[in-house]
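Enquirer: I would like the atomic coordinates for the input below:
(2 chains)
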Amino acid sequence: MSKQVKEQGSIPVSKVQRAAKFISTGAKVGGNYVKHYAKKMVNPSLNREELHQNNATDIYNSLSELKGSALKVAQMMSMDKNLLPRAYQDKFTMAQYSAPPLSYPLVVKTFQKHFQKTPEQLFDTFTRSAVNAASIGQVHLATAQGKTFAVKIQYPGIADSVSSDLRLVRPFALRLLNMNEKELDHYMSEVEERLLEETDYHLEIARSREISEACAHIPNIRFPKYYDALSSERIITMDWIAGKHIKEWMDTNPSQALRNQVGQALWDFYHHQVHNLKQVHADPHPGNFIIQEDGTLSIIDFGCVKVIPEDFYQGYFALIKRELVMNPEELDQIFYGLDFISDKDTEEEKTYFKGVFAEMISLLGQPFHVDRFDFADDRYFEKIFMLGDRISNDKMFRSSRQARGSKHGLYINRTYFGLYNLLNQLKAEVDTTKPDWLK
Amino acid sequence: METATPKKTNKKDYRQLIVEGFVAHVLEHGKEPASIFKFAKDLKIKEEEVYNYFTSFESVKSAIWVALFEETQRQLEEQEVYKEYSVREKFLAFLYTLIEELKKNRSYLLCLYQDKTSTFKSLPKDTRDFKEKFSDFASELVMEGKETQEIASRPFISEKYDEALWMQVGFVFRYWLEDRSPRFEKTDAAIEKSVNLAFDLMGKSALDSFLDFAKFLYQHK
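Expert: From the prediction side, this is the model:
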């Protein structure tokens, strides 16, 4: 009997137990640091790659057990190439695919709750197991009346646990991202807001429709149709899109012309959203893009959409103007506007950070400085990583007590890094169009 | 026994009347009636008439639990896909359906079982017949699980598996009573995770191989 009691005692449902999971990871990561510095005393030339590798494995292992918003944070971090050293990224990009699936009875129950019908009553066929894992749900394949659908079902209880999960991630993100508490809270509120939006499937459908209609004119882009009658707060039904993800597609050796076509479609899609719609699909994860054989690109999952405030837009994109980098006064003004520097900084800090940001911006703005940019150039990405690593290891940068950069920048940066990264994977050369006022 | 279905229609009406009267009383007063006498008077029937069907309030409560179980079973059997389920899925489906049934009677159940100290004594008594039926269902599941290899046969321990499943029902019930999340989504998550854990523990694992190996070493040293 004592065994059975123990079974129940170890069910990982309570917040305390989830917290314990994070703490044990935190301890492990701490241990890795100790190990690292101990080794370094003996061998000063040791680099941090190994340390990051150890940390990434431990962190990833615990995150993948937690699912939900923790998984989402992991994914997000995996996108932020600027923030994370490379060892973390490799591990984190796996996070998407390893969440344990929902049982079929729970799928049935979710359907009954929302439609008072079972999946079999609504569709002709419905796969018993998930065909794809989404970050906060899973996707089933269904057919009805000759049509094929993708049905996305959200894990129960996710919406409720977003805030508490984020509180759990916090101490751990502090250490991982080398941020101080103030800085982190500055961004955490933004992340929480986006995550909460992402659990609202009604909103997702509305936004998917809005953006797909507004982008319908862009060549070589396609969007799935969404079905209201078969969707609810926790379920989204849309057209099933056949095709390949970027990695698989690249394995089929597509021609340069075809790769450029897909790349250009991707660029145009983001250009139109950012500069004309002022709201953007902020989840440029490879899993959200599907390529058909003829080189059309389908875009799914509008769960994470960032609305760009006008004043932020002006400041942010003014930075990529080439000449402006040279004009110090205007630059100062924009830096203040975007919270890169503030009056609390000492003169020394101001000069230092201005230098750092100017360097970052001129590097990241490079594709905008020319009419056509070749994203296949790995050296360009190498430079970005090196700069990121150098800055994040710089004493001056790490000891800063200030939050830097507008919180809106978080998702916009993520979007652009994601976009650059996708274009790099495609090895595409694209016309880097820009709005008239930036020319 | 009280729970046996009466044959004549007017008899059934009385039975029904008593059960409904009892539930209504609990819902309105937040507790059981003071006595059978008072209860019968409120229903405008004779006290001895009540004894024809139920000899105590406990047996009324027991009958309500049994009805919940039977309704759950009926609904499960209605589902085409239920027959194709693995044992793990069958048990999951059972709990999900049971919780839906309980939901329809949540206020009644909260009145009677929210207070932990008195529930500790009364719940096992009230659910005795429910448990009996459940045990039959659970041992069938365990047997099927052993056949399909989902559940490992282990000496001594595996005979207690139906008891373990019963404790899990108790856990889910108490969790659900306390659950404040919209649509009781947290209970859904709790069911999913706890059942997965239970079946992972009951299934063949490294421990079995270890015991097997230890036995081998012991016998052939």
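
Enquirer: Quick check: which element contains residue A:317?
Expert: If you go by DSSP states H and E, residue A:317 is part of helix A:310-318.

Enquirer: That helix: what's the following helix or strand?
Expert: helix A:328-337.

Enquirer: what's next to that following helix, contact-wise?
Expert: Helix A:328-337 is touched from outside by A:311, A:315, A:318-319, A:324-325, A:341-342, A:353-354, A:357-358, with contacts defined as CB atoms under 8 Å, 6 or more residues apart in numbering or on different chains. Just so you know, the C-beta spots here come from the backbone N, C-alpha and C atoms, and that holds for glycine as well.

Enquirer: Report the buried members of those.
Expert: Buried by 16 or more other CB atoms under 10 Å in any protein chain shown: A:315, A:318-319, A:324-325, A:341, A:353-354, A:357-358, out of the contacts of helix A:328-337.

Enquirer: ok, the contacts of helix A:328-337 vs residue A:365, which is closest?
Expert: residue A:319 (6.9 Å; CB to CB).

Enquirer: Now residue A:373. Its backbone dihedrals?
Expert: The phi/psi pair for residue A:373 (degrees, to the nearest 10) reads phi -130, psi 140.

Enquirer: any idea how far residue A:385 is from it?
Expert: Residue A:373 is 18 Å from residue A:385, where distance means CB to CB, to the nearest Å.

Enquirer: of the two, who's got more company?
Expert: When neighbours are counted by other CB atoms under 10 Å in any protein chain shown, residue A:373 and residue A:385 differ, and residue A:373 comes out ahead with 21 against 15.

Enquirer: Grab the nearest non-local neighbour of that one.
Expert: Spatial nearest neighbour of residue A:373, chain neighbours left out: residue A:367 (4.0 Å); criterion: CB to CB, 6 or more residues apart in numbering or on different chains.

Enquirer: Quickly note the distance from whichever residue of the stretch 251-400 of chain A sits closest to chain B to residue A:233.
Expert: Nearest to chain B in the stretch 251-400 of chain A, going by CB to the nearest CB, is residue A:303, at a distance of 18.2 Å. With distances taken as CB to CB, residue A:303 is found 13 Å from residue A:233.

Enquirer: quick one on the thing from earlier: who does the helix holding residue A:317 touch, helix- and strand-wise?
Expert: Using 3 or more CB pairs under 8 Å, 6 or more residues apart in numbering or on different chains; DSSP states H and E as the contact test, the elements touching helix A:310-318 are helix A:328-337, helix A:408-426.

Enquirer: what mean pLDDT would you report for stretch A:358-366?
Expert: When pLDDT is averaged along stretch A:358-366, the result is 77.

Enquirer: Can you list the buried residues in it?
Expert: A:358, A:360-362, A:364-366.

Enquirer: Return the member of those residues nearest to residue A:143.
Expert: Nearest member of the buried residues of stretch A:358-366 to residue A:143, counting by CB to CB, is residue A:364, at 44.9 Å.

Enquirer: I would like the residues contacting the helix or strand of chain B with the lowest mean pLDDT, please.
Expert: Lowest by mean pLDDT, DSSP states H and E among the helices and strands of chain B is helix B:116-126, with a mean of 79. Residues from elsewhere that reach helix B:116-126 (CB under 8 Å, 6+ apart): B:58, B:61-62, B:65, B:112-113, B:131, B:170.

Enquirer: picking up where we left off before, who has more neighbours out of residue A:303 and residue A:233?
Expert: Neighbour totals were compared for residue A:303 and residue A:233, and residue A:303 leads with 28 against 16 (other CB under 10 Å).

Enquirer: so who does the more buried one touch?
Expert: By CB under 8 Å, 6+ apart, the residues touching residue A:303 are A:136, A:197-198, A:204, A:283.

Enquirer: So the chain: which segments form each domain?
Expert: I went with chain A, as the question did not name one. If you go by automatic domain parsing, the domain ranges for chain A are A:2-99, A:243-439.

Enquirer: switch to chain B, that's the one I care about
Expert: If you go by automatic domain parsing, the domain ranges for chain B are B:1-55, B:59-217.

Enquirer: Give me the distance between the shortest one and the centre of its chain.
Expert: Put plainly, it is domain B:1-55. Distance of domain B:1-55 from the chain centroid (CA atoms, centre = their mean, to the nearest Å) equals 22 Å.

Enquirer: Kindly report the same for the last one.
Expert: Centroid separation for domain B:59-217 versus its chain: 7 Å, with CA atoms, centre = their mean.

Enquirer: can you tell me the distance between the two ends of it?
Expert: Using CA to CA, to the nearest Å, one end of domain B:59-217 lies 55 Å from the other.

Enquirer: Residue 188 sits in which helix or strand?
Expert: In the absence of a named chain, chain A is used. helix A:181-198.

Enquirer: wait, chain B
Expert: helix B:185-202.

Enquirer: same question, residue A:306
Expert: According to DSSP H and E, residue A:306 maps onto strand A:305-307.

Enquirer: Relative to that strand, what are the paired strands and their orientations?
Expert: Partners of strand A:305-307 in the sheet, by DSSP bridges, are strand A:279-281 (antiparallel).

Enquirer: one step back: closest to chain A out of the contacts of helix B:116-126?
Expert: Lowest distance from chain A to those (CB to the nearest CB) belongs to residue B:170, with 8.8 Å.

Enquirer: Could you pull out the helices in chain B for me?
Expert: Counting by DSSP state H, chain B has helices at residues B:9-29, B:36-43, B:47-51, B:57-78, B:87-104, B:106-113, B:116-126, B:128-147, B:161-178, B:185-202, B:206-219.

Enquirer: How about the longest one and chain A, any contact?
Expert: No: Helix B:57-78 stays out of contact with chain A when judged by CB under 8 Å from any CB of the partner chain, the minimum separation being 9.8 Å.

Enquirer: Identify each buried residue in that helix, please.
Expert: For helix B:57-78, burial by neighbour count (16+ other CB under 10 Å) applies to B:57, B:59-66, B:68-69, B:72-73, B:75-76.
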